[in-house]
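Chemist: following is a predicted model, sequence given first.
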Amino acid sequence: MRALVTAGPTEEPIDTVRFIGNRSSGRMGIEIAEALLAQGFHTVLALGPIRVELPGHLQNHPQATILRFRSSHELESLLRRELPVADLVVMAAAVADFRPRSASEGKLKRSDGGLTLELEGVPDLLASTRAARKPGARVFGFALEPRERLERSAREKLERKDLAGIVANPLETMDAPDIEGTLFLRDGSVHAPAPAGQRVSKSAFAAWLATVLAVGAGQG
């Protein structure tokens, strides 16, 4: 079985040296990739411009393939190449919601008058690449939202993106070493590794999630 895991942020270029980005570290996706390798999956880890060090044993693992992307355009191209052969997809990357409509060549000159950027919405990559998915593939997403709308938003994304499941995590845990994740599945069931309101480390959550996904894929 072949798994594709995306991790980290995207950087949307303003000019050659500046960009719009976000604070995703990529740690959760890296942990998930490691946990899926432990479950026996050949795992493709697609990494954005992460701010954490990639473990050496992951780079040298015989069943791991590391790919890189920077912008949402590059990630979309990567997904179109890899989705047709992936049995399991975990979209843990934090893709920007907006990007500059056009990027300037070279470096824009600083001006005391400021700078106005025209932004466009980034396409929903899981929705826009749906036709590229391997038949029968199970695709999972992530939702980071304020707690008061977390479940509603997760369930809406589950349907709109045509996912097998989605991990919902409250916004308060951003930048934290742990996660308060809940897995909503397409069949309506809800699963979590700990009681509501209790956090677990990202490595523990990844191990739990990989076990759930492996059983669903017939690996367990």
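Modeler: Great, that's in hand. Computed from a predicted model, the values in this text were never measured in an experiment.

Chemist: for the chain, longest helix please?
Modeler: Longest helix of the chain, by residue count under DSSP state H: helix 202-216.

Chemist: how about the CA coordinates for that one, as CSV?
Modeler: The C-alpha trace of helix 202-216 is given here as CSV (Å, rounded to 0.1, in the frame of the first residue of the first chain):
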residue,chain,number,x,y,z
LYS,A,202,1.7,14.9,18.1
SER,A,203,3.7,11.7,18.0
ALA,A,204,1.1,9.8,20.1
PHE,A,205,-1.7,11.2,17.9
ALA,A,206,0.1,10.2,14.7
ALA,A,207,0.6,6.6,16.0
TRP,A,208,-3.0,6.4,16.9
LEU,A,209,-4.2,7.8,13.6
ALA,A,210,-1.9,5.6,11.6
THR,A,211,-3.3,2.5,13.4
VAL,A,212,-6.9,3.6,12.5
LEU,A,213,-6.0,4.3,8.9
ALA,A,214,-4.0,1.0,8.6
VAL,A,215,-7.0,-1.0,9.8
GLY,A,216,-9.3,0.8,7.4
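
Chemist: which parts of that helix are buried?
Modeler: Neighbour-count burial for helix 202-216, counted by 16 or more other C-beta atoms under 10 Å, picks out 202-214. Quick note: C-beta positions are derived from backbone N, CA and C, even for glycine.

Chemist: then stretch 97-105?
Modeler: Buried, per 16+ other C-beta under 10 Å, within stretch 97-105: 99-100.

Chemist: quick one: contacts of that stretch?
Modeler: If you take C-beta atoms under 8 Å, 6 or more residues apart in numbering as the criterion, stretch 97-105 is touched by 12-16, 20, 71-72, 117-122.

Chemist: what about these, which are in helices?
Modeler: residue 72.

Chemist: of the contacts of stretch 97-105, buried ones?
Modeler: 12-14, 20, 71-72, 122.

Chemist: C-terminal to the lowest-mean-pLDDT helix or strand in the chain, what's the next element?
Modeler: Every helix and strand in the chain was compared by mean pLDDT, DSSP states H and E; the lowest is helix 56-59, with a mean of 90. Of the helices and strands lying after helix 56-59 in sequence (DSSP states H and E), the nearest is strand 64-68.

Chemist: remind me what that next one packs against, helices and strands.
Modeler: Contacting strand 64-68 under the criterion 3 or more C-beta pairs under 8 Å, 6 or more residues apart in numbering; DSSP states H and E are the following elements: strand 42-47, helix 56-59.

Chemist: so how far is that strand off the chain centroid?
Modeler: A distance of 14 Å separates the centroid of the chain from that of strand 64-68, by C-alpha atoms, centre = their mean, to the nearest Å.

Chemist: okay, now the sheet partners of that strand, with direction.
Modeler: Sheet partners assigned to strand 64-68 using DSSP bridges are listed as strand 42-47 (parallel).

Chemist: just the element for residue 6, please.
Modeler: Per DSSP H and E: strand 2-7 holds residue 6.

Chemist: any low-confidence regions in this structure?
Modeler: 217-220 (pLDDT under 70).

Chemist: what residue lies at the spatial centre of the protein?
Modeler: residue 92 (1.8 Å; C-alpha atoms, centre = their mean).

Chemist: go through the strand ranked longest in the chain and flag the buried ones.
Modeler: Assignment by DSSP state E gives strand 138-145 as the longest strand of the chain. Judged by neighbour count using 16+ other C-beta under 10 Å, the buried positions of strand 138-145 are 138-145.
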